[in-house]
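S.K.: Please find the sequence and the predicted model below.
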Amino acid sequence: MTNIPGTIQAVLAGKRPVIRSDGTPLRDYLYVQDAVAAYLALGASEAVGAFNFGTETPTSVVDLVRQILILMKSKLRPDVRNEASNEIAQQWLSCKKAREKLGWKPKYDLKRGLTETIAWYKAHAK
């Protein structure tokens, strides 16, 4: 697996981003602004029970890293190490309940969320 902040920071430093898995696990990446909006909607409601928040758009780890590299206009290539064990191959859930009970849906797709995240790291990188 990899993480978005670590990938962006590696690219800013001119280092190849590391993918510890084989890059194929699928995940549902949610931008922080959407996560905050989801929890605010939940807190303002009288709804009870478990809720899932996400984009319902699974993306492989390697595709995520490639998208970051493209958005950062980097020629670096990911360092795919395939050393992670016991990775969950596919991990995303339905957010239907959040849409129906809270009227919540994400406003950011992956590209927009990554673009804003990259801009933040460029402005605040030390």
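M.R.: Nice, I can see it. Predicted model, so just to flag it, every value in this text is computed and none were measured. Numbering: from 1, shown residues only.
S.K.: Now do the strands in the chain.
M.R.: In the chain, the strands defined using DSSP state E lie at 18-19, 26-27, 59-60, 79-80, 90-91.
S.K.: Run through who's touching the third one.
M.R.: By CB atoms under 8 Å, 6 or more residues apart in numbering, the residues outside strand 59-60 that reach it are 23-29, 67, 110. Quick note: C-beta positions are derived from backbone N, CA and C, even for glycine.
S.K.: Give me the buried positions along stretch 92-102.
M.R.: Neighbour counts over stretch 92-102 (16 or more other CB atoms under 10 Å) mark 92, 95, 97-98, 101-102 as buried.
S.K.: Any idea which of those residues the model trusts least?
M.R.: Within the set of these, pLDDT is lowest for Trp92 (87).
S.K.: Show me the shaky parts of the chain.
M.R.: Residue ranges of the chain with pLDDT under 70: 1-2, 126.
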